[in-house]
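# With the input below, show me the fold.
(one chain, ligands or ions: 1)
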Amino acid sequence: MPSSTPVIGVLALQGDVREHLIALAEADALARPVRRTEELAEVDALVIPGGESTTMSKLALAFDLMEPLRARVAAGMPVYGSCAGMIMLAEKILDGRDDQQSVGGIDMTVRRNAFGRQNESFESAIDFQGFEGEPVHGVFIRAPWVESVGAGVEVLAELPAADGAESRIVAVRQGNLLATSFHPELTGDHRVHALFVRMVEEALAARS
Ligand SMILES: NC(=O)CC[C@H](N)C(=O)O
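So this is what the prediction gives:
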């Protein structure tokens with residue numbers, strides 16, 4: 001399976017699949033949609049896009065993808081989740097639907113639709129750990145925040161405290177898993193995707 005240019009799938013059950021395929025291509029990865037277990041088996045890594053995590057959960061179960069996804073994560077496949085994809089990578093979901101399941105893998109608790117009704121969609125400059133130059137332009141759309149993380153989770157970005165509100169964790173990494181509350185695939189700034197491609201290359205190099 002490993003090749004010199006990593007093949008990165010985008011989970012294409014629901015959500016902004018196309019935008020991630022474009023962002024990955026612009027970050028010099030080979031990207032393709034993944035809908036079936038056979039397609040999952042053929043990729044080196046996966047992006048879980050933004051969208052609606054309750055629907056994604058339902059479709060992953062209906063298409064018998066949930067267990068194969070968990071097995072690949074347990075085997076060390078690199079995965080990047082944005083927004084709904086972050087929720088899919090969380091071990092614990094607050095304000096989820098009762099029957100909602102996640103793939104899990106990151107030792108964190110996320111709260112769905114956490115920023116409240118007045119603030120359903122907003123944009124904010126985000127300092128992202130390790131990035132040179134301009135802050136990341138964070139686009140938040142009915143976004144989750146990370147309520148708490150376990151000891152093995154690295155916090156990569158926080159939304160600064162403002163208007164009496166606390167600062168909130170909005171980007172994390174644990175091993176080969178990366179997640180952001182916001183949507184870098186919508187901005188044309190592909191530094192987060194480039195970081196993920198580097199993580200994938202390092203994971204493949206470590207395995208060979
Ligand atoms: N933009 C998004 O991905 C929104 C996430 C959505 N609110 C959910 O719970 O899945």
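
# How many residues are close by residue 114?
Per other CB atoms under 10 Å, the neighbour tally for residue 114 reads 19. Where C-beta positions appear, they are placed from N, C-alpha and C, glycine not excepted.

# Which helix or strand contains it?
Under the criterion DSSP states H and E, no helix or strand holds residue 114.

# give me every residue that touches the closest residue in space to it that isn't next to it in sequence.
Excluding its sequence neighbours, the residue lying closest to residue 114 (CB to CB, 6 or more residues apart in numbering) is residue 145, at 4.3 Å. If a contact means CB atoms under 8 Å, 6 or more residues apart in numbering, then residue 145 has 110-111, 114-115, 159, 168-170, 181 as its contacts.

# Assign the residue nearest in space to the middle of the chain to helix, strand or coil.
Nearest to the mean C-alpha position of the chain, counting by CA atoms, centre = their mean, stands residue 81 at 1.0 Å. Assigned by DSSP: H, G, I helix; E, B strand; the rest coil, the conformation of residue 81 is strand.

# contacting residues for it?
For residue 81, the contacting residues are 47-48, 87-89, 177-180, taking CB under 8 Å, 6+ apart as the criterion.

# Model confidence at it, what's the number?
What the model reports as pLDDT for residue 81 is 98.

# One more: residue 1?
The per-residue confidence score, pLDDT, reads 45 for residue 1.

# Same check on residue 4?
Confidence at residue 4, expressed as pLDDT, is 70.

# Which helix or which strand is home to it?
Residue 4 belongs to no helix or strand when assigned by DSSP H and E.

# And it, how far from residue 130?
Counting by CB to CB, to the nearest Å, the gap between residue 4 and residue 130 amounts to 24 Å.

# So for the two, which residue has more residues nearby?
A side-by-side neighbour count of residue 4 and residue 130, using other CB under 10 Å, places residue 130 first with 9 against 6.

# so what's that one up against?
Applying CB under 8 Å, 6+ apart to residue 130 gives the contacts 156, 195.
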